[in-house]
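Colleague: Show me the folded form of this:
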Amino acid sequence: MLRLLLTVLALAASIAPASGATRSFEPDINGIAALRGEPRLVSAAGTTRADTPLLTIENPSAFDPDGAKLRVVFVGGLDGDDRSARAVIAAVRWFKAAAPAAIRARWNASALPLADPDHHAASRPFVFPPDAGFFDDKEQPESRYIWRWVVYQAPDLVIDVRSDDAASDSLKDALSAEDASGLGAVPVTVVRSRDLLRALPKLLTAPRGRSALHAALAERVARTPLAIARLLAQRYPQKPSMSYISSVAWVNTLRLAMITGDDAWRVKVRDQTRPWIAGAAVLPDDQKLLTSLAGYMIFGEIAVADGNTTARALLRDSARIASAQQPDGIYAAGRGWTDDMFMATAPLVRVGDGHLLDLAGRQLIDYASRLQRPDGVFLHAVDGPVAWGRGNGFAALGLMEALSAMPPAQPPRAELLSIYRRQMAAMKTNQAPDGAWRQIIDEPGAYREETATAMLLSAMARGIRLGWIDTSYRPVVLRAWRALSAHVVEDGSLIDVCTGTGAGPTPRYYLDRAAIDGADDRGGAMALLASIEMYELQRRRQ
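Modeller: Just a heads-up that it's a prediction; the model follows:
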């Protein structure tokens with residue numbers, strides 16, 4: 001006990017008075033992460049309006065459904081004061097290097113040392129939970145970042161470290177609400193920075209169980225892929241349209257029908273696609289962009305399943321238009337973005353024509369030569385030089401579609417496989433600590449986004465199953481699946497789906513794209529695809 005007290009006093013002495021100006025805590029955070037044990041992953045909860053990262057030290061087990069440990073989350077600097085950040089850093093150092101073994105055996109820890117590095121709270125305290133979605137409040141996106149990060153760390157205890165006795169208790173009040181973030185309450189203790197190290201042994205040895213929020217997330221993550229697939233297939237698409245969004249949902253609803261033997265899923269797809277088959281004489285002009293032409297991939301599936309000649313004719317017409325190229329090699333119906341890599345490939349590879357299959361492969365190689373960086377990550381567009389999350393998902397799904405359709409000896413296949421493997425290796429490196437992928441793949445402060453996670457998970461899971469990549473990717477896929485599951489609500493609505501996005505010139509453009517919470521056809525379709533791919537991967541292993 002004396003040794004513990006001396007250690008606490010020594011660490012407390014390291015909490016220096018505020019310097020009057022925020023300094024970088026990155027060296028301190030990296031130094032703590034390098035110490036043996038958890039938490040060990042340096043990331044960020046978000047990026048402020050001034051482009052300052054909200055640096056975090058994270059434990060990667062937030063969505064482990066079998067985790068026996070409780071989870072404590074430290075949040076410092078909501079008052080914009082360096083002293084509370086220093087106190088949190090000292091607390092994490094104590095947790096890793098000096099806490100009794102019984103405490104480390106009982107708890108996992110994550111920390112956001114300085115939640116307000118730009119000192120917004122001095123004039124306008126953060127309000128939790130944020131009423132608006134991302135960036136509806138252009139002046140204070142940080143509150144949404146902080147709220148989402150804390151909630152999806154699955155805490156059993158939040159320790160809000162403050163240096164100002166008059167600081168707002170907004171975070172405590174919000175997390176103590178019975179339905180905090182639609183999940184459940186979490187105990188929050190507000191501790192002054194000068195008292196933190198002395199208070200920790202008592203806080204972490206007191207009788208305590210799993211929080212309602214943590215229990216709710218664990219239940220979400222414990223659902224099977226087929227349970228989530230059924231939930232999503234029932235709900236999506238809510239607004240059927242001839243687009244890649246509805247078609248991804250339809251294609252995977254038919255796969256669900258084949259897996260389960262339940263013909264009701266086939267009936268749903270036939271009913272929702274009947275208007276297009278009934279009016280099949282001419283493709284409307286408003287359906288001659290790749291976003292719409294990709295929707296016709298469903299008719300390839302219907303033609304195979306039912307022998308429907310009208311469906312086959314619709315697929316061929318869409319593929320004929322989709323295959324046209326501009327003089328520079330870009331798809332005429334596209335825009336030269338990674339989006340084209342999936343939206344053109346999806347109908348082309350379903351026609352069953354070797355020439356079109358070869359064309360799709362060569363076009364993927366051409367697009368990769370323009371957009372894939374040497375490290376394997378894809379930029380969204382030549383004039384949008386940012387590694388957008390869903391843009392990388394589009395590239396991955398396009399490669400997945402082509403590789404799935406091509407015979408081993410088809411000439412473009414070997415080069416496509418190399419492009420795919422380089423991308424998957426890069427995605428493995430750039431996975432967020434909780435298993436998700438981000439709105440900007442290589443920006444730790446970008447929000448963790450649902451469609452990017454679902455799409456990259458899908459391409460990686462199929463690659464493992466079909467032998468394109470090795471089994472070292474299995475843990476990556478499992479962690480991504482858990483993160484995705486945590487963001488699929490029990491009613492089929494979704495958390496943090498990036499809204500429709502064109503090519504933008506700067507990272508800030510992508511960081512500021514709204515993240516949708518609620519029902520969303522795009523997010524639902526991609527999560528349905530991921531649930532089917534996850535099921536197939538797990539079945540293959542059994």
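Colleague: Would you quantify the distance from M258 to T310?
Modeller: Per C-beta to C-beta, to the nearest Å, M258 is found 22 Å from T310. Any C-beta I mention is one placed from the backbone N, CA and C, and that applies to glycine too.
Colleague: do A227 as well
Modeller: For A227, the distance to T310 (C-beta to C-beta) stands at 35 Å.
Colleague: related to what we said a few turns ago, settle it for me: which of M258 and T310 has more neighbours?
Modeller: Higher neighbour count among M258 and T310: T310, with 15 against 12, using other C-beta atoms under 10 Å.
Colleague: Now do the end-to-end distance for stretch 277-288.
Modeller: Criterion C-alpha to C-alpha, to the nearest Å; first-to-last residue distance in stretch 277-288 is 16 Å.
Colleague: cool, stretch 94-101 as well?
Modeller: Start-to-end, stretch 94-101 (C-alpha to C-alpha) is 12 Å.
Colleague: Pull out the buried residues from that stretch.
Modeller: Using 16 or more other C-beta atoms under 10 Å as the test for burial, stretch 94-101 gives W94, F95, K96, A98, A99.
Colleague: R539: neighbouring residues, count only.
Modeller: R539 is flanked by 12 other residues according to other C-beta under 10 Å.
Colleague: Repeat that for A409.
Modeller: Considering only other C-beta under 10 Å, A409 is surrounded by 7 other residues.
Colleague: where's G80 relative to D116, distance?
Modeller: 4 Å.
Colleague: which residues of the stretch 51-200 of the chain score low on pLDDT?
Modeller: Within the stretch 51-200 of the chain, the ranges that satisfy pLDDT under 70 run 66, 121-123, 131-139, 165-167.
Colleague: mind running it again at 90?
Modeller: 64-68, 79-82, 118-143, 163-170, 179 (pLDDT under 90).
Colleague: So, low pLDDT: which residues of the stretch 201-350 of the chain?
Modeller: In the predicted model, the stretch 201-350 of the chain carries pLDDT under 90 at residues 278-288, 306.
Colleague: Helices of the stretch 301-450 of the chain, residue ranges please.
Modeller: For the stretch 301-450 of the chain, the helices defined by DSSP state H, counting those that start in this stretch cover 309-322, 338-343, 345-348, 354-371, 389-405, 413-429, 450-465.
Colleague: ugh, typo on my part, it should be the stretch 1-150 of the chain
Modeller: Using DSSP H, counting those that start in this stretch, helices in the stretch 1-150 of the chain cover 2-13, 26-34, 82-97, 101-106, 142-151.
Colleague: Mind checking the helices of the stretch 301-450 of the chain for the one nearest to S110?
Modeller: Nearest of the helices of the stretch 301-450 of the chain to S110, taken as C-beta to C-beta: helix 450-465 at 19.0 Å.
Colleague: Following the chain past the closest one, name the next helix or strand.
Modeller: Note on helix 450-465: by DSSP states H and E, the next helix or strand toward the C-terminus is helix 474-486.
Colleague: for that next one, packing partners?
Modeller: helix 212-221, helix 450-465, helix 521-541 (3 or more C-beta pairs under 8 Å, 6 or more residues apart in numbering; DSSP states H and E).
Colleague: ok, now how distant is the nearest residue to L399 once chain neighbours are set aside from A311?
Modeller: Using C-beta to C-beta, 6 or more residues apart in numbering and skipping the chain neighbours, the partner closest in space to L399 is Y420 (4.3 Å). The gap separating Y420 from A311 is 29 Å, by C-beta to C-beta.
Colleague: Kindly report the same for P275.
Modeller: Computed with C-beta to C-beta, the distance linking P275 and A311 is 13 Å.
Colleague: Over to L200?
Modeller: As judged by C-beta to C-beta, L200 and A311 stand 65 Å apart.
Colleague: before we move on, the earlier item: JSON lines please, covering the buried residues of stretch 94-101 and showing distance to P130.
Modeller: Output for the buried residues of stretch 94-101, formatted as JSON lines (distance: C-beta to C-beta, whole Å):
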{"residue": "W94", "distance to P130": "32"}
{"residue": "F95", "distance to P130": "29"}
{"residue": "K96", "distance to P130": "32"}
{"residue": "A98", "distance to P130": "36"}
{"residue": "A99", "distance to P130": "33"}
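Colleague: ok, of the residues you listed, which one's closest to R540?
Modeller: Nearest to R540 among those: K96, at 38.8 Å, using C-beta to C-beta.
Colleague: so the closest one touches A34, yeah?
Modeller: No - counting by C-beta atoms under 8 Å, K96 stays clear of A34, with 9.9 Å between them.
Colleague: And the pLDDT at the residue nearest to P60 when sequence neighbours are not counted?
Modeller: Leaving out its chain neighbours, the residue that sits closest to P60 by C-beta to C-beta, 6+ apart is P433, at 4.9 Å. Predicted confidence (pLDDT) for P433: 97.
Colleague: In this structure P433 contacts F63, no?
Modeller: No - using C-beta under 8 Å, P433 is not in contact with F63; the gap is 10.5 Å.
Colleague: between the two, who's got more neighbours?
Modeller: Per other C-beta under 10 Å, whichever of P433 and F63 has more neighbours is F63, with 27 against 23.
Colleague: R482 is in contact with that one, correct?
Modeller: Yes - between F63 and R482 there is a contact under C-beta under 8 Å: 3.8 Å.
Colleague: any common contacting residues for these two?
Modeller: V221, G435 (C-beta atoms under 8 Å, 6 or more residues apart in numbering).
Colleague: if I look at A425, how far off is A459?
Modeller: With distances taken as C-beta to C-beta, A425 is found 13 Å from A459.
Colleague: do the same with Y145
Modeller: Using C-beta to C-beta, Y145 is found at 28 Å from A459.
Colleague: tally of neighbours for A229?
Modeller: Neighbour count for A229, taken as other C-beta under 10 Å: 27.
Colleague: got a list of what the closest residue to it other than its chain neighbours touches?
Modeller: The shortest distance from A229 to any non-neighbouring residue, by C-beta to C-beta, 6+ apart, is to S531 (4.0 Å). Contacts for S531 (C-beta under 8 Å, 6+ apart) come out as P225, L226, I228, A229, L232, N252.
Colleague: quick one: the fifth one and A527 touch, right?
Modeller: To tie it back to what came earlier, the one meant is L232. Yes - L232 is in contact with A527 according to C-beta under 8 Å; the separation is 5.6 Å.
Colleague: Now the common contact residues for these two.
Modeller: With C-beta under 8 Å, 6+ apart as the test, L232 and A527 both reach V488.
Colleague: Where does pLDDT dip in the stretch 401-542 of the chain?
Modeller: Within the stretch 401-542 of the chain, the segments meeting pLDDT under 90 span 540-542.
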